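*Asks:* Provided below for reference: sequence and predicted model.
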Amino acid sequence: MGPNQGRKARVIAKIKGFTDLEPEASEKWISVHRGDDSGTLTVSFGDELTSRKESYELDYIYDRSEGNDLIFPREVKPLVEDVFNGCNATVIAYGARGSGKTFTIQGSEVKPGLAVLAMAEILSMAKGSGKLISISCYEILKDHAYDLLDPNRHEVLVWEDVARGKIQLKGLSQAKFQKLYFLSKNSHKHLSSQNSHKQSEKMIAEPNQRSHKGLIIHVFRGNQSDALPLGKMNFVDLSGYEDVRKKGTGGVNLQESNIINKSIYALHNVVYALNANESHVPYRESKITRMLRDSLGGTNKILMITCLNSSYCQDSLYMIKLASRSSKGANKIILDSTKKTKSIVKPTLLSSSSKTASAIAAKQTGTRSGFLVNKANVNASIIKGRKLFDEGISTKSKKASHEESLPLEIVSTVTEHAKHEEEKKSSGISEAVGSLTEDHFPLISCSAEESDMPVKASTQETKLLDKVNVTDENNHDKSTPKIGSKAEAASFVGADPAMDKENTLALVDKDESPPISARLQELSKNLKLLYSSTPSCADILSKTDIPTNSRVSTEILEPETPRTPEPRLLDNDKSDIAVNSCSSWKAFSARSSRMKNTLVDEYLRFLNTASK
Ligand SMILES: Nc1ncnc2c1ncn2[C@@H]1O[C@H](COP(=O)(O)OP(=O)(O)OP(=O)(O)O)[C@@H](O)[C@H]1O
């Protein structure tokens, strides 16, 4: 047996025995090597085609020919003794689909599994020492636990007794060992045939659904019904790992695969933290780790059995990488560091990439100008959104820490984000569902783009329309308001701080033309200047039938009409005026012919720019 000094969890592997379906070549793919002196064992995976070889060291590796009859006395029997000494022990089989987990835990009629062998051993020891035994069975489906001994399959709630450091599984029934048949693969069919309650059938995993199954054997201090518990032994058949990127996962949807994988990663995070004696153990990462919490820490014992397929299986490679890392938690030896980093660090990269995206956004906001301003605003919203989101997390985390005494079921819903915090703090084995960060980021950026920006644009439009309408109502004239509207529009554009910013930034960029709003403003100013510099302007207004309120409207727009010195007239102009003094419009035309020309040029330039 390999060394396991000072570590709480023992991590071993079992290569599935040959079945008739296994091809001959599979033997070359996976092989066990025993170290000469150190007693270390490594499992090697060889790729014949690429002659690539990867080796991982575990506490022990059982080869194809080594079955439960060998594994039990070496690995599980000592744990049974520990339970009778007041400890809790946990045996967890995990691995890819079809890697032999059920065969290892439950076994077959002719080859009993580890749980059956342990049950026999416990019964024998209990009989000798006069102790009461009970069993409980549960199934975890989509992160919800259900009581398998209850015909109605009530949900099991996880309550944490902080004071005593105990976990109470509320609603989990205890029964005599004879009901061990519940571990059978078809137990759900057996149970549902007994149960006519339709709703309960929904809670039972369909044959193609993946669920974790657990058995708890409780040992009591005496044989009386009121005897206190002494210790318990957990057996867990953890549903097969699924690579979520793979197509056609046999009816298992992405969400289920994620939850299944999450449990596996969560367990490994806990085992790693315990083996490394880390101060923080992330128990709250999954339902299974919350349920097993009082059996994993302290002096309790854990046996992790990594089930490996005999023939080529990429998922088995993922599993062995996790196993190798967890088993080395104490000294953090990583054999295959390059590849491990590649596969394990990915989710971390995802979260950091989000940060990078924010940083890039911030950089853009600071450096880019002109028409990019809107984009920068969006990015700023993203940053703002993320900040708000993060604050939410911290608030919830704080809340969760204050609610330690609440039932975990309740707290767990509140601490979904706190769990992610735990993930970050924990050893670094992140889960495939780490894409949450990736999911949230586009969501936030979407909301910034889809809600903020259009709202802003429509607000501008509404404001503008409102102002024009007010002017229209006040003027009761179709021609005068046009000037007013234009002036209003120009002044409005100038008054909007966001647009101001846009203009300022746009003007900073020497290569860009001034924005239309600025051109409009300029034109409007020129118009006003031209209008006010004409001496007959006041007369014209007073002589027309324009209602008073219309003039009020114009005055509102221009509270102080700029008084410019009368333009110096050329001799020709003077004579024209003398001839046509009866017509104010003609006088106006004569006086402002130059300005008009300038204005026409200005308009032409503007139109050219606009069409471009
Ligand atoms: N050591 C072994 N020797 C011979 N056959 C085995 C061995 N282990 C498993 N098998 C066979 O391989 C098949 C798959 O095994 P098993 O059902 O235990 O895998 P599993 O990991 O529980 O699968 P799943 O992920 O679907 O629950 C079964 O037909 C089983 O009988």
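*Replies:* Nice, thanks for sending it over.

*Asks:* for the residue in the chain that the ligand sits nearest to, which non-adjacent residue is spatially closest?
*Replies:* The nearest approach of the chain to the ligand comes at residue 17, 2.6 Å away (Cβ to the nearest ligand atom). C-betas here are computed from N, CA, C, even on glycine. Excluding its sequence neighbours, the residue lying closest to residue 17 (Cβ to Cβ, 6 or more residues apart in numbering) is residue 64, at 4.9 Å.

*Asks:* for that neighbour, helix, strand, or coil?
*Replies:* coil (DSSP: H, G, I helix; E, B strand; the rest coil).

*Asks:* so what does it look like in phi/psi?
*Replies:* Note on residue 64: backbone dihedrals following degrees, to the nearest 10 are phi -60, psi -40.

*Asks:* show me where the stretch 151-300 of the chain has its strands.
*Replies:* 155-161, 166-170, 212-220, 229-237 (DSSP state E, counting those that start in this stretch).

*Asks:* with mean pLDDT, mean neighbour count and distance to the ligand added, can I get the ones you listed in TSV?
*Replies:* Shown next, in TSV, are the strands of the stretch 151-300 of the chain (pLDDT from 0 to 100; neighbours: other Cβ atoms under 10 Å; distance: least, Cβ to the nearest ligand atom, whole Å):
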stretch	mean pLDDT	mean neighbour count	distance to the ligand
strand 155-161	90	19	21
strand 166-170	89	16	23
strand 212-220	93	23	9
strand 229-237	95	23	7
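
*Asks:* which regions of the stretch 151-300 of the chain lie under the pLDDT threshold?
*Replies:* For the stretch 151-300 of the chain, applying pLDDT under 70 flags the ranges 176-208, 242-253, 256.

*Asks:* OK, contacts around residue 136?
*Replies:* 147, 149, 169, 172, 173, 174, 175, 215, 216, 218 (Cβ atoms under 8 Å, 6 or more residues apart in numbering).

*Asks:* residue 323 too?
*Replies:* By Cβ under 8 Å, 6+ apart, the neighbours of residue 323 are 11, 13, 56, 58, 268, 304, 306.

*Asks:* rerun at 7 Å
*Replies:* By Cβ atoms under 7 Å, 6 or more residues apart in numbering, residue 323 lies in contact with 11, 13, 58, 304, 306.

*Asks:* in TSV: the strands of the stretch 151-300 of the chain, plus distance to residue 315.
*Replies:* Putting the strands of the stretch 151-300 of the chain into TSV (distance: least, Cβ to Cβ, whole Å) gives the following:
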stretch	distance to residue 315
strand 155-161	29
strand 166-170	30
strand 212-220	16
strand 229-237	16
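
*Asks:* nearest to residue 286, out of those strands?
*Replies:* Among the strands of the stretch 151-300 of the chain, strand 212-220 comes nearest to residue 286, with 9.5 Å by Cβ to Cβ.

*Asks:* and the angle from the closest one to strand 155-161?
*Replies:* 50 degrees (axes from the mean of the first three to the mean of the last three Cα atoms, to 10 degrees).

*Asks:* strand partners (parallel or antiparallel) of strand 212-220?
*Replies:* Paired neighbours of strand 212-220 in the sheet (DSSP bridges): strand 133-141 (antiparallel), strand 229-237 (antiparallel).

*Asks:* hang on, residue 221 packs against residue 231?
*Replies:* No: taking Cβ atoms under 7 Å as the definition, residue 221 is not a contact partner of residue 231, at 9.5 Å.

*Asks:* quick one, what contacts residue 235?
*Replies:* Here residue 235 is in contact with 91, 105, 114, 115, 214, 215 (Cβ under 7 Å, 6+ apart).

*Asks:* from those, which is closest to residue 135?
*Replies:* Nearest member of these to residue 135, counting by Cβ to Cβ, is residue 215, at 6.4 Å.

*Asks:* wait, that closest one sits on residue 137?
*Replies:* Yes: in this structure, residue 215 is within contact of residue 137 by Cβ under 7 Å, at 5.5 Å.

*Asks:* just to revisit the earlier point, does the residue of the chain closest to the ligand sit in a helix, a strand or a coil?
*Replies:* coil.

*Asks:* residues near it, how many?
*Replies:* Look at residue 17: counted by other Cβ atoms under 10 Å, it has 16 neighbours.

*Asks:* now do the contacts for it.
*Replies:* 64, 65, 67.

*Asks:* and the second one, how many residues sit next to it?
*Replies:* Close neighbours of residue 65, defined as other Cβ under 10 Å, add up to 9.

*Asks:* quick check: closest non-adjacent residue to it.
*Replies:* residue 17 (7.0 Å).

*Asks:* read off the pLDDT value for that neighbour.
*Replies:* Residue 17 carries a pLDDT value of 85.

*Asks:* what parts of the protein come near the ligand?
*Replies:* 16-17, 19, 67, 95, 97-103, 240, 307 (Cβ under 6 Å from any ligand atom).

*Asks:* okay, the residues you listed in a markdown table with secondary structure next?
*Replies:* Below are these laid out as a markdown table (three-state DSSP):
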| residue | secondary structure |
| --- | --- |
| 16 | coil |
| 17 | coil |
| 19 | coil |
| 67 | coil |
| 95 | strand |
| 97 | coil |
| 98 | coil |
| 99 | coil |
| 100 | coil |
| 101 | helix |
| 102 | helix |
| 103 | helix |
| 240 | coil |
| 307 | strand |
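
*Asks:* any chance of the strands paired with strand 212-220 in TSV, with distance to residue 258 too?
*Replies:* Below are those laid out as TSV (distance: least, Cβ to Cβ, whole Å):
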stretch	distance to residue 258
strand 133-141	14
strand 229-237	19
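
*Asks:* out of the ones you listed, the one nearest residue 292 is which?
*Replies:* strand 229-237 (6.0 Å).

*Asks:* tell me the angle of the closest one relative to strand 166-170?
*Replies:* 70 degrees.
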